[in-house]
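Undergrad: sequence and predicted structure are below.
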Amino acid sequence: MHGETRLIVVEDHAETAEGLKRFLSAIGYQVFVATDMASALSLAAAVEFDVLLSDLGLPDGNGWELMKQLSAERRIRAIAFSGFNSPADRQRSAEAGFLEHLAKPLSPEHLCAAIDRAAAA
């Protein structure tokens, strides 16, 4: 099932990005990684993807700005993940169009369930 789902993971912390890629690839997702907002915008224009999984804190912007730019062009199914988890942060994620807002550290079970829900949305 996962093999049909293509993900863009946007995470500026190299070890976290690599860990997510290894884990998600191992269970069958096709994973593309971007490390900042600029590379995420380029990647999203270059590859077909089903779900965007984005950290909110990026070196050249934030996940909310990224979502605003990407969703201006087409419908994006996306999940935010962050250490920023106040009710205001969660509300801002919802307003930006994220389907879900997950707290770091990410639980593998919760992450996979959220990705599958987003892919089906």
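TA: It's in.
Undergrad: quick one: the helices in the chain?
TA: 14-26, 37-46, 63-73, 87-96, 108-120 (DSSP state H).
Undergrad: mind putting these in TSV, mean neighbour count included?
TA: (Each C-beta comes from the backbone N, C-alpha and C, glycine too.) Shown next, in TSV, are these (neighbours: other Cβ atoms under 10 Å):
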stretch	mean neighbour count
helix 14-26	15
helix 37-46	16
helix 63-73	18
helix 87-96	15
helix 108-120	15
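Undergrad: where does this protein dip in pLDDT?
TA: Within the chain, the ranges that satisfy pLDDT under 70 run 1-3.
Undergrad: ok, the most centrally placed residue in it - contacts?
TA: For the chain, the residue lying nearest the average C-alpha position, counting by Cα atoms, centre = their mean, turns out to be Leu53 (1.0 Å). Residues in contact with Leu53 (Cβ atoms under 8 Å, 6 or more residues apart in numbering) are 7-10, 20, 78-79, 81, 111, 115.
Undergrad: restricted to strands, list these.
TA: 7-10, 78-79, 81 (DSSP state E).
Undergrad: make CSV out of the helices of the chain and add distance to Gly57.
TA: Below are the helices of the chain laid out as CSV (distance: least, Cβ to Cβ, whole Å):
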stretch, distance to Gly57
helix 14-26, 11
helix 37-46, 11
helix 63-73, 8
helix 87-96, 11
helix 108-120, 18
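Undergrad: out of these, which gets nearest to Leu102?
TA: helix 108-120 (6.0 Å; Cβ to Cβ).
Undergrad: from the contact counts, what lies against the closest one?
TA: strand 51-55, strand 78-82, strand 100-103 (3 or more Cβ pairs under 8 Å, 6 or more residues apart in numbering; DSSP states H and E).
Undergrad: show me how far the second one is from its chain's centre.
TA: When you say that, I think you mean strand 78-82. Relative to its parent chain, strand 78-82 has a centroid offset of 5 Å by Cα atoms, centre = their mean, to the nearest Å.
Undergrad: cool, and the last one?
TA: Computed by Cα atoms, centre = their mean, the chain-centroid distance of strand 100-103 equals 10 Å.
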